[in-house]
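**Q** just the structure for this:
(chains A and B)
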There are 2 protein chains.
Amino acid sequence: KMTKTIIKLTVRDVRFPTSLEQHGSDAMHTDPDYSVAYVVIETDQGMQGYGLTFTVGRGTEIVVCAVEALSALVVGKSLEEIVSDFRGFYRLLTSDGQMRWIGPEKGVIQLATAAVLNAVWDLWARSEGKDPRKLISCIDFRYITDALTEEEALVDQMLKEGYPAYTTSCAWLGYSDQLLKQLCTDALNDGWTKFKVKVGADLKDDIRRCSLIRQMIGAHNTLMIDANQRWDVGEAITWVTRLAEYKPLWIEEPTSPDDILGHAAISKCHNRVMFKQFLQASALQFVQIDSCRLGSVNENLAVLLMAHKFKVPVCPHAGGVGLCELVQHLILFDYISVSASLDNRMCEFVDHLHQHFRSPVVIQNAHYMPPKDPGYSCEMLESSVQTHQYPQGQVWKKLQ
Amino acid sequence: KMTKTIIKLTVRDVRFPTSLEQHGSDAMHTDPDYSVAYVVIETDQGMQGYGLTFTVGRGTEIVVCAVEALSALVVGKSLEEIVSDFRGFYRLLTSDGQMRWIGPEKGVIQLATAAVLNAVWDLWARSEGKDPRKLISCIDFRYITDALTEEEALVDQMLKEGYPAYTTSCAWLGYSDQLLKQLCTDALNDGWTKFKVKVGADLKDDIRRCSLIRQMIGAHNTLMIDANQRWDVGEAITWVTRLAEYKPLWIEEPTSPDDILGHAAISKCHNRVMFKQFLQASALQFVQIDSCRLGSVNENLAVLLMAHKFKVPVCPHAGGVGLCELVQHLILFDYISVSASLDNRMCEFVDHLHQHFRSPVVIQNAHYMPPKDPGYSCEMLESSVQTHQYPQGQVWKKLQ
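**A** Got it, this is the predicted structure:
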């Protein structure tokens, strides 16, 4: 095998004006413009790897700036050098003696790390050039051998049925009741059985919306609610008590994501150390990994293994831009090589912006079907990138 | 009183090549170039406010980028508008519906928030134009009235004796034993009685250095050790057990700053929610506030009050660039208006780079003497800023 040296890294600020139609709106993010810091790395042999991290508009330029700062640690390295000691490379990125001060492993610098590492994983997967079945089964990871024997059967099941998904597309906070009803009807017709509603801005509104959606979907389907960090601890308890009659399976992000002790529910964490404590403190009942907030596949694997050890199901966060495309790889790995169970497990799905990707997710009967193309599925269409680049792209020029 | 509108915010990347002499070196930051994102705000009446946040070199440009992003939330506001609802303004900066995604309240965006708010506090203090005695006593804060009666006597005591300090200047990890001895002798002659040593890179080295410094300072003086997040939890316990014979008062940052449950010691936290849990979990015995990692005076006040409630002494983190200048205000406020106690309390001091400030800290007999000039003491000399601006300043041009 020839050595492939990474000779170039580019990063672009790509934004979609989703706030114009209130897609993605919740109690804390009332006007998100779904965005990515979009990374492309290139080898001396002309092979490319694509990676991204998800943001919601303003501030994306800061993440772009951070990716540029990390780029010196990547460019010049060979892919072989990286993957032969991928843990060491992960530590190089997260533990730079000067840059770790502005994290460590949190916020902007962690998002940038995820974008860069996602591109490296994509490059690695493409360079192996294997079909997804072999790609999945080629991962030989320590500590999981107890689950590996059934692997082949599980792969077959996934290829046939896919991985169960739930939808967040029907009930963004800024949607009217009429739009909510329409989207709910459509989703039921498409075979969806699990629905997430955004709550937390106004209790009366939440009661009306939860009641409405519970009526629409019936008692047998599943409802989840998400407050996006809106409440104090006491407030969360009061509020959720009022909404309990609509029988939500979970309440997501009731309060500050840093508050382990205050949590009686689940949260999206920014690194494995936070997840470790949420698990140790029995402060979550569902683990929601994120392909772009954690440090790429590397750190997600650590969290999947911890969740397995603590016997807590993994239900990934997705949506945004490209999060579904990325996270499908992780949840398939979790099922096939770690948990081997679908009990209480499902993966979030949001139906926006997939048309901008070269290999968009495939949903059949409310299930994620395994990706077929090599790579980490986050290559975007060059035309989409150019049109939406901020601030010079056509879409943004028109809006100015 | 006339309205003062903030019409301009500038931010500059200022770096000092401290790594050349190993100042500031520790187990995780082996080659820090002490740096600041330096903010100047200006009102329509020509009044200026100065603020900064501390960094250690690479990555400062990312914080500068984040300050620029926050600038739109500050420029155009009047000082009166801000301080009449300072809590609301704090929330505006930390809860922007798009930018909070890349935090919230952590990492780069939190450091940028601190720099901006430090400048606002400085502007406010200057605009009040009061002498320090009145400035301290003018703060009328809820929940602390039980300690306020003794205030005047405490102010007098501070003006006469100052606030007890400890030094970290003698024992950076990269210093030779000879330099360590020399600096220790000098410090003892200058009246220092409390010393902090950096540890965590190599156990044999640490034993030798701790033994040496304990010999130098004698059994009656105080020694603290700081591992700068180097260890896993188990490793920390083994390592500290070996160093216990040198009787350190505390062990600082033994492991990940995010690991509340893993901590048996103290830590520098990035926001009030983290501090709350460290206190709730009895995971720290000393609270080390930081004027630039927390959200300025606003968030530091919240932490001082919580520490008081949980009866844990506050011993601020300082050093870096300008941290001593800033934090002296906070610790004086803590003593005079909150804790009214010096038991187990002291403020870190590091003797580098003070010459670049217009009103540097005054240390007498190992005590911080109260600042005399109005403001938050972080105005730098314009000549220092220009010489050290990165990458175009003279100092950096020479090093390239």
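
**Q** stretch A:196-206: end-to-end distance?
**A** Start to finish, the residues bounding stretch A:196-206 are 12 Å apart (Cα to Cα, to the nearest Å).

**Q** who touches it?
**A** A:25-28, A:166-168, A:170-173, A:209-210, A:213, A:223-228, A:230-231, A:239, A:242-243, A:252, A:348 (Cβ atoms under 8 Å, 6 or more residues apart in numbering or on different chains). Just so you know, the C-beta spots here come from the backbone N, C-alpha and C atoms, and that holds for glycine as well.

**Q** and it, which residues are buried?
**A** A:Lys196, A:Val197, A:Lys198, A:Val199, A:Gly200, A:Ala201, A:Asp206 (16 or more other Cβ atoms under 10 Å in any protein chain shown).

**Q** now, those that are in helices?
**A** Judged by DSSP state H, the buried residues of stretch A:196-206 include A:Asp206 as members of helices.

**Q** could the buried residues of stretch A:196-206 be laid out in JSON lines, adding distance to A:Ile102 and pLDDT?
**A** Formatted as JSON lines, the buried residues of stretch A:196-206 follow (distance: Cβ to Cβ, whole Å; pLDDT from 0 to 100):
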{"residue": "A:Lys196", "distance to A:Ile102": "33", "pLDDT": "92"}
{"residue": "A:Val197", "distance to A:Ile102": "36", "pLDDT": "92"}
{"residue": "A:Lys198", "distance to A:Ile102": "31", "pLDDT": "91"}
{"residue": "A:Val199", "distance to A:Ile102": "34", "pLDDT": "91"}
{"residue": "A:Gly200", "distance to A:Ile102": "30", "pLDDT": "91"}
{"residue": "A:Ala201", "distance to A:Ile102": "32", "pLDDT": "90"}
{"residue": "A:Asp206", "distance to A:Ile102": "37", "pLDDT": "95"}
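
**Q** the helix or strand A:Thr167 falls within packs against which elements?
**A** A:Thr167 is part of strand A:163-171, with elements assigned from DSSP states H and E. Judged by 3 or more Cβ pairs under 8 Å, 6 or more residues apart in numbering or on different chains; DSSP states H and E, the packing partners of strand A:163-171 are helix A:177-189, strand A:194-198, helix A:203-217, strand A:222-226, helix A:323-333, strand A:347-349, strand A:367-369.

**Q** just the CA trace of it, in CSV.
**A** C-alpha atoms of strand A:163-171 as CSV (Å, rounded to 0.1, in the frame of the first residue of the first chain):
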residue,chain,number,x,y,z
TYR,A,163,-32.1,0.8,12.2
PRO,A,164,-35.2,2.3,13.9
ALA,A,165,-35.6,6.0,13.7
TYR,A,166,-37.7,8.7,15.3
THR,A,167,-38.6,12.1,13.7
THR,A,168,-38.1,15.6,15.0
SER,A,169,-39.3,17.2,11.8
CYS,A,170,-43.0,17.6,12.8
ALA,A,171,-42.9,19.8,15.8
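
**Q** picking up where we left off before, report the buried members of the contacts of stretch A:196-206.
**A** The buried subset of those - by 16+ other Cβ under 10 Å - is A:25-28, A:166-168, A:170-173, A:209-210, A:213, A:223-228, A:230-231, A:239, A:243, A:252, A:348.

**Q** returning to what we had before: nearest to A:Arg58, of the helices and strands packed on strand A:163-171?
**A** helix A:323-333 (19.1 Å; Cβ to Cβ).
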